[in-house]
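1. My questions concern the predicted model and sequence given below.
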Amino acid sequence: MHRFTKIVITLGPASSDPAVLAKLVEAGADVVRLNFSHGTAADHRDRVAALRHAAQAAGRVVGVMADLQGPKIRVGKFAADKVMLKSGQNFVLDAECRLGDADHVGLDYPELVEDVAPGDVLLFNDGRIVMDILRIENRRIHCKVRHGGELSNNKGINKQGGGLTAPALTAKDREDIRTAAALDVDFVAVSFPKSGSDMRQARDLLAAAGSSALLIAKIERVEAIANLEDILHATDGVMVARGDLAVEVGDAAVPALQKRIIRTSREMNKFVITATQMMESMISSPVPTRAEVSDVANAVLDGTDAVMTSAETAAGQYPVETVEAMVRVCVEAEKSDEVALDRHFLDRVFTRIDQSIAMAALFTAVHLKVKAIAALTESGATALWMSRLDCGVPIYALTPSTRTRDKVSCFKGVTPLLIRYAGHDRDELLFAAEEELIRAGAAELGDLIVLTIGEPIGTPGGTNTLKIVRVGEHRTPN
């Protein structure tokens, strides 16, 4: 069965072996995520080379995402690598401290002292440890531990309710953008953006490095929620990064925010990835919990373009089984997904010719019950617009550009196909498109399909024609 929802996997020690990577590609990975918080440029280079070899061997298109670390605010190191904090004890955050102990620890972000005040609440290690700020003296933050636990080297710090002023792009991120451009990645994810200006800055840096990768804004700050539409205007896609987001806004607020982010993103023609702990138990278990199955299924029903693994495939014991489980859940959830295209059209106004053609293709495909929709596209924009509304018909993006082919790998319901035709004759191009759809198993002789195309041929952003075709009916190749 055709799977519409895409699967993004994070690479790491558990998935970098070429044999394992090949199995992950065959199991259904659509995009691989390189976590730039870990590893060296050489590590990422080796993984990209292995991934591209595995994808070519499997005959699949797999995109590559570089995920920037961003301003992860962390404690420093402990003399014994970790300490056990007890509820009720006092604890000091001191940027001047070199090695910490049970009473105090250093900071890798000295500016934290400027961003907090007595009464604020700090959360450590993804919210597992909670401290209340008592006072700030001599640039030391004196706290009382509300909920204790084990705190080890370099664990992250969040401020409840947000408000940290750290810039979204650090010096390391700027260097990593140049690395990502050299690796020719398809997507770059920006961590902790607060506004559209952060995303515009990232795009300028990418362009200066010679990259046209699509930008993904990771929504994980309180400020990002308040500035969601501004961020969406400045980005190509978003990631619902539920880990840090839950720490800042409270875990109970995340499900409703997830639905809002997905809905708003689709309305603004952006793609969206849902991430964090989706199959967390499969780090050490060959099967997911029922709650995890429901979580993935609900993200699919919310309309997410992709669901993502993190530690499950980067460091877990069952990376391949995790992807196989996600595939099963996505396919089953999609069976119950309601197609209500007519209703979605009622409150929409289309002012662009190419977008209007894309929407007309969806409407026609549903009412004529065609086998497939084929968008002949230079940029991928037509396929993206088509994927914003659920029509239940597979969409194929036929493009002569390998760059565009790889970028559409994250769009819901869109299968990228490379078309080799390089001429300017419409009939020859349509014949080549039919041949490619037949070769890919997307259509057979006699099937009804909808094609969209731009004339003159080869002009990006020029989709202006919709054609309803019965495959093989008018085949006059030269």
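-> It's in. Residues are numbered from 1 along each chain as shown.

2. From now on I want contacts and neighbour counts done on CA atoms only, so please keep to that.
-> Will do.

3. which ones are touching Ser152?
-> Lys77, Phe78, Asp81, Lys82, Val83 (CA atoms under 8 Å, 6 or more residues apart in numbering).

4. Which among the residues you listed count as buried?
-> Lys77, Phe78, Lys82, Val83 (16 or more other CA atoms under 10 Å).

5. Restricted to strands, list those residues.
-> Among the buried ones among the contacts of Ser152, the members falling in strands are Lys82, Val83 (criterion: DSSP state E).

6. contacting residues for Ala41?
-> By CA under 8 Å, 6+ apart, the neighbours of Ala41 are Thr179.

7. Do me a favour and get the backbone dihedrals for it.
-> Dihedral pair for Ala41: phi -60, psi -40, per degrees, to the nearest 10.

8. go on, Ala297?
-> Dihedral angles (degrees, to the nearest 10) for Ala297: phi -60, psi -40.

9. One more: the one 10 residues further on?
-> For Val307, the backbone dihedrals (degrees, to the nearest 10) come out as phi -110, psi 150.

10. returning to what we had before: could the contacts of Ser152 be laid out in a markdown table, adding pLDDT and distance to Pro13?
-> Shown next, in a markdown table, are the contacts of Ser152 (pLDDT from 0 to 100; distance: CA to CA, whole Å):
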| residue | pLDDT | distance to Pro13 |
| --- | --- | --- |
| Lys77 | 94 | 24 |
| Phe78 | 96 | 25 |
| Asp81 | 95 | 22 |
| Lys82 | 95 | 23 |
| Val83 | 97 | 27 |
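
11. out of the residues you listed, which one sits closest to Ser401?
-> Lys77 (47.7 Å; CA to CA).

12. wait, doesn't that closest one sit right on Ala102?
-> No: if you go by CA atoms under 8 Å, Lys77 and Ala102 don't touch, sitting 11.7 Å apart.

13. residues contacting Ala224?
-> Ala224 neighbours (CA under 8 Å, 6+ apart): Phe192, Pro193, Lys194, Ser195, Ile231.

14. quick one: terminal-to-terminal distance for stretch 281-291?
-> 10 Å (CA to CA, to the nearest Å).

15. Ok, stretch 364-372 next?
-> For stretch 364-372, the separation between the terminal residues is 11 Å (CA to CA).

16. repeat for stretch 124-132
-> First-to-last distance for stretch 124-132 - CA to CA - comes to 11 Å.

17. list the buried ones in it?
-> Phe124, Asn125, Asp126, Gly127, Ile129, Val130, Met131, Asp132.

18. From the rest of the structure, what touches that stretch?
-> Against stretch 124-132 from outside (CA under 8 Å, 6+ apart): 118-123, 143-149, 151, 155-158, 243-244, 247.

19. got it, and stretch 15-25?
-> 47, 50-51, 54-55, 58, 60, 62, 313-315, 319-320, 323.

20. what's around Ala42, how many residues?
-> 10 (other CA atoms under 10 Å).

21. wait, Gly413 sits on Phe271?
-> No: counting by CA under 8 Å, Gly413 stays clear of Phe271, with 11.4 Å between them.

22. anything in contact with each of these two?
-> Asp305.

23. partners of whichever strand or helix holds Ile453 in the sheet?
-> Under the criterion of DSSP states H and E, Ile453 resides in strand 448-454. Using DSSP bridges, strand 448-454 pairs in its sheet with strand 372-376 (parallel), strand 463-470 (antiparallel).

24. just these: most buried one?
-> strand 372-376 (a mean of 26; mean count of other CA atoms under 10 Å).
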